[in-house]
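Engineer: task: produce atomic coordinates for the following.
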Amino acid sequence: MFRKRFVITIGDSRVGKSTVSRLLLELYKKYELNIRAFYHGRCPGDLSNKLSVYDKLGFHIKHLGLNRGDSDVLLNELEMFSEIDLALTDMPGQNILDFFRFEKEISFLENLNYLGYRTTFIHPISNRRDCVKYLQLLYQFVDTQADYLIVKNQYFSNLFKYYDNTEIQKDISKLKGTELILPKLEDYVYQELEDTNLPYCMAITTESDMQVLYRSIVYNWIENFHDTIMYHRVTPVYLGLKRDRSELT
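Structural biologist: Predicted structure coming up:
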């Protein structure tokens, strides 16, 4: 039985990976979990690193490259510190082939398993065909070595014709993958949220310049997504909020 989780957001560009990662950091903070958070960017100052603002909440987001040296440092840390509840890393878009190379070179998932960590891949999808192709590449490569959480991002559409009722969806189901809905947040609200350059939980307080109405909308959006996670039968396990299925019965 795996005691802990290593959560990885992965997939195509601009499908909501960093948004989901930030929402999860909010949830982990709420439950006071001791986590390690990473970003797989090209360098520590990568402008696409949307998690860096969570240093303000004490997460100390670290850079994690796809090479043996970085993986050795990470694995050593996970082995040395038993108080770590879980780890999360956000991968930039279209980095999946680099991850496959990395996995082949060092057997990253196998090493995590050895340390008692089960990997969960979070794969947001939009209404584009490409992001579903990335998902297919992922599970064909990884197979049963990990668990899969598909996030249907309604920012793009309520319809996911390249995923729903397809062989890809059936394959994910056979691998015991789960699905979640990320509700739509209107463009103008999301942009104002981004412009605060604050963690979401701080952006909805009086510390931010966001309009009161927008703060209320964002608050409900966050709570809706978190409730969807916590009321799901299996998702809390896949996200490291509960250690094994027996805790859910």
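Engineer: partners of the lowest-mean-pLDDT helix or strand in the chain in the sheet?
Structural biologist: None of the helices or strands of the chain scores lower by mean pLDDT, DSSP states H and E than strand 62-63, at a mean of 87. Sheet pairing for strand 62-63, assigned by DSSP bridges, gives strand 35-39 (parallel).
Engineer: which helix of this structure spans the most residues?
Structural biologist: Counting residues, the longest helix found in the chain (DSSP state H) is helix 212-230.
Engineer: now do the strands in the chain.
Structural biologist: Along the chain, counting by DSSP state E, strands occupy 4-9, 35-39, 62-63, 86-90, 117-125, 146-153, 178-182.
Engineer: buried stuff in the longest helix of the chain?
Structural biologist: Y214, R215, I217, V218, W221, I222, F225, H226, I229 (16 or more other C-beta atoms under 10 Å). The C-beta positions use only the backbone N, C-alpha and C, and glycine is treated the same way.
Engineer: mean confidence (pLDDT) on that helix, please.
Structural biologist: Across helix 212-230, pLDDT averages out at 96.
Engineer: report the angle between the axes of it and strand 146-153?
Structural biologist: Angle, helix 212-230 to strand 146-153, by axes from the mean of the first three to the mean of the last three C-alpha atoms, to 10 degrees: 150 degrees.
Engineer: contact partners of helix 212-230?
Structural biologist: Outside helix 212-230, the residues that touch it by C-beta atoms under 8 Å, 6 or more residues apart in numbering are 23, 26-27, 30, 180-183, 185-186, 189, 192-193, 200-201, 203-205, 208, 210, 235-236, 239, 241.
Engineer: how about the CA coordinates for it, as PDB?
Structural biologist: Only the C-alpha atoms of helix 212-230 are listed here, as PDB (Å, rounded to 0.1, in the frame of the first residue of the first chain):
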ATOM      1  CA  VAL A 212     -16.000  43.100  -4.000                       C
ATOM      2  CA  LEU A 213     -18.300  41.400  -6.500                       C
ATOM      3  CA  TYR A 214     -15.400  39.700  -8.300                       C
ATOM      4  CA  ARG A 215     -14.000  38.500  -4.900                       C
ATOM      5  CA  SER A 216     -17.400  36.800  -4.200                       C
ATOM      6  CA  ILE A 217     -17.400  35.200  -7.600                       C
ATOM      7  CA  VAL A 218     -13.900  33.800  -7.200                       C
ATOM      8  CA  TYR A 219     -14.600  32.600  -3.600                       C
ATOM      9  CA  ASN A 220     -17.600  30.600  -4.800                       C
ATOM     10  CA  TRP A 221     -15.500  29.200  -7.800                       C
ATOM     11  CA  ILE A 222     -12.800  28.000  -5.400                       C
ATOM     12  CA  GLU A 223     -15.300  26.500  -2.900                       C
ATOM     13  CA  ASN A 224     -17.200  24.800  -5.700                       C
ATOM     14  CA  PHE A 225     -14.100  23.100  -7.100                       C
ATOM     15  CA  HIS A 226     -12.800  22.100  -3.600                       C
ATOM     16  CA  ASP A 227     -16.200  20.600  -2.700                       C
ATOM     17  CA  THR A 228     -16.200  18.600  -5.900                       C
ATOM     18  CA  ILE A 229     -12.900  17.100  -4.800                       C
ATOM     19  CA  MET A 230     -13.800  16.400  -1.200                       C
END
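Engineer: so how far is that helix off the chain centroid?
Structural biologist: 17 Å (C-alpha atoms, centre = their mean, to the nearest Å).
Engineer: ok so, going back, now restrict the contacts of helix 212-230 to buried residues only.
Structural biologist: Looks like the contacts of helix 212-230 have 23, 26-27, 180, 182, 185, 189, 192-193, 200-201, 203-204, 208, 210, 235-236, 239, 241 buried, using 16+ other C-beta under 10 Å.
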